[in-house]
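>>> sequence first, predicted model second:
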Amino acid sequence: MVEKVDIVSANFSQLDGNKQVLVGVSGGPDSICLLHLVKLAGFPVTAAHYNHMLRPESDDEARGVAMICEKLGVDLVTEKGDVDYYATRESLSIEAAARLLRYQFIFQQAEIINAQAVLVGHHADDQIETILLHLVRGTGPDGLIGMLYLTLPNEWSGRIPLVRPLLKIWRSEILDYLQSQNIPFFIDKSNADTTYVRNKIRHELIPLMETINPQVKRSLWKLADILMADIQILDNMVQEEWDRIMNFHNQGSIGFERDKLVELPISIKRRLIRKALCYIKGFDKEIYFDETQRAVDWLDWDYTTGRVDLTDGIYLMYENEYVWIVGEAVNLPTDQWPQLCIHTPISLNVPGTLELNDGWELTCGVDDFSEDMYAKIQQNVNPYQAWMDYDSLSVPVIVRRRNPGDRIQLDGLHGHSQKVSDLMVNSKVPRRARNNWPLVESAGTIAWIPAIRFAEPFRVTKKTNRIVHFRLSRED
């Protein structure tokens, strides 16, 4: 049994022995064993007990946990809640409601005491039950690895890890240790109630499987251990692709480079979509196969625009060379394009400077004509700058947003003009960025649509005397 204590202590090696930990303590054998081992390992420790008020003996167990903590010299924080009422109000199962309230309390307390980790007493038998629970409900490889030794981020925190040091220890070994050390604990009688799915798996399904293979629990544990190592490699690959093809990420939307996403193997695509859904939907929510597969199927179609609903108001949308996964009522970003959000037209002196939104700036300066300058203009490949004949402009120029029916006269149209709206579509300007796109106007005539085209009447020629240089730029 001392060997088992050493094994468990080795699982603490990733934690700092001088920093506070918080242990979730129900009073059952697993959490009481964990609390003793953490104390034995020398950690500064606080215990947290949540009274679910589901059984007549709940208050007695809470008092018993307090006595155990006092004997060990461990600080204890407690809370109680009406789980039955909460489950009814939120349309949750009793199990789900109890888990939600318990972990919310535990992690709130962990934040208060600045704990380096939350430790819970899940053991090897819990791992097997979790795997089978996932299997009967439907799962992929991630579900078959069960619970992780350390989870961060988790459903409750992006900073404090959830650690399960007993995950390699069987229930029978925990009971043997407690008995050998004469350590008291409580038995939750509801663990025998097979109306709860986990209990049905524990008391009915596993014994039935053991009639076929008496070592079935160890076989399933080995399967989880093998898959855990394999999935770690896969997750590393997914993270590399995430960093390579993800071009935008905030709380409500994630953008990928479409061509790079589409060419990936289906397993990587599914996991990238799943990861995006986790960020948007929340790590505490289930992500189902149908949701990710709907996105993957959509990616196989050669659309340039359009959207498909995935789940809970979240949708996937094509936008030219990008694929967006967007949460409900989230506005996609526009800061990567020049935007003028003021409705009233603005005068811009020449030379002069105008600040736009999100760090964008429009500047203009005046130079004398020269052959070198003319050659530079002919070779320009930067769409965010343009040169115009000063004498063809009426200064100051006007900077404004587009209006319905706006047109611009372009080279090669023999005096005819083209709709600004058509030019924006053809130039693949996203719909959400078009209305606030800045236009430069001279005496009622559009002279330049930045990053798209400038008008033929204002072109620099060898007869030009002075040149106006317009430039749009954005501060990093």
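Looks like it arrived, so ask away.
>>> surely V330 meets G255?
No. Applying CB atoms under 8 Å as the test, V330 and G255 come out as separate, 11.8 Å apart. From N, CA and C alone the C-beta is placed, and that goes for glycine too.
>>> the two: which has the busier surroundings?
G255 (22 against 16; other CB atoms under 10 Å).
>>> the more buried one in helix, strand or coil?
strand (DSSP: H, G, I helix; E, B strand; the rest coil).
>>> list the beta-bridge partners for it.
With DSSP bridges applied, G255 shows beta-bridge pairing to F248, W324.
>>> mind starting the numbering at 39 from now?
In the new count, where the first residue is 39, that last one comes out as G293.
>>> hang on, it packs against N285?
Yes. The criterion here is CB under 8 Å, and G293 meets it with N285 at 5.1 Å.
>>> quick check: neighbours shared by those two?
Y360 (CB atoms under 8 Å, 6 or more residues apart in numbering).
>>> list the contacts of the most centrally placed residue in the chain.
Computing the C-alpha centroid of the chain and ranking residues by CA atoms, centre = their mean puts Y317 first, at 1.9 Å. For Y317, the contact set (CB under 8 Å, 6+ apart) comprises 287, 289, 292.
>>> cutoff 10 Å now
Contact analysis of Y317 by CB atoms under 10 Å, 6 or more residues apart in numbering lists 191, 287-292, 363, 365.
>>> I'd like the average pLDDT over stretch 59-70.
Averaging pLDDT along stretch 59-70 yields 96.
>>> right, and P203 touches A79 too?
Yes. In this structure P203 lies within contact range of A79 using CB atoms under 10 Å: 9.1 Å.
>>> tell me if I'm right that K319 and T330 touch.
No. In this structure, K319 is not within contact of T330 by CB under 10 Å, at 11.3 Å.
>>> could you tell me which residues touch both of the two?
312, 348-349.
>>> so which of those residues belong to helices?
R312 (DSSP state H).
>>> by neighbour count, which of the shared contacts of K319 and T330 wins?
L348 (25 neighbours).
>>> number of nearby residues for the closest residue to that residue other than its chain neighbours?
In space, and not counting its chain neighbours, L348 is closest to E329: 5.1 Å by CB to CB, 6 or more residues apart in numbering. When neighbours are counted by other CB under 10 Å, E329 registers 18.
>>> assign E329 to helix, strand or coil.
helix.
>>> thinking again about what came up before, overlap in contacts, V368 and G293.
W362.
>>> ok, back up a step: and the least confident of the contacts of Y317?
Q289 (74).
>>> within the helices and strands, which one has the residue lying closest to I363 once chain neighbours are set aside?
Distances taken as CB to CB, 6+ apart place A314 nearest to I363, at 4.5 Å, with adjacent residues excluded. In the assignment (DSSP states H and E), A314 maps to helix 304-319.
>>> how about that helix as CSV, C-alpha atoms only?
These are the backbone C-alpha positions of helix 304-319, laid out as CSV (Å, rounded to 0.1, in the frame of the first residue of the first chain):
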residue,chain,number,x,y,z
ILE,A,304,-10.8,15.1,-42.8
SER,A,305,-9.7,14.2,-39.2
ILE,A,306,-7.8,17.4,-38.9
LYS,A,307,-10.6,19.5,-40.4
ARG,A,308,-13.1,17.9,-37.9
ARG,A,309,-10.9,18.7,-35.0
LEU,A,310,-10.3,22.3,-36.1
ILE,A,311,-14.0,22.9,-36.5
ARG,A,312,-14.6,21.2,-33.1
LYS,A,313,-12.0,23.4,-31.5
ALA,A,314,-13.5,26.6,-33.0
LEU,A,315,-17.0,25.5,-31.8
CYS,A,316,-15.6,25.0,-28.3
TYR,A,317,-14.2,28.5,-28.2
ILE,A,318,-17.5,30.0,-29.4
LYS,A,319,-20.0,27.7,-27.8
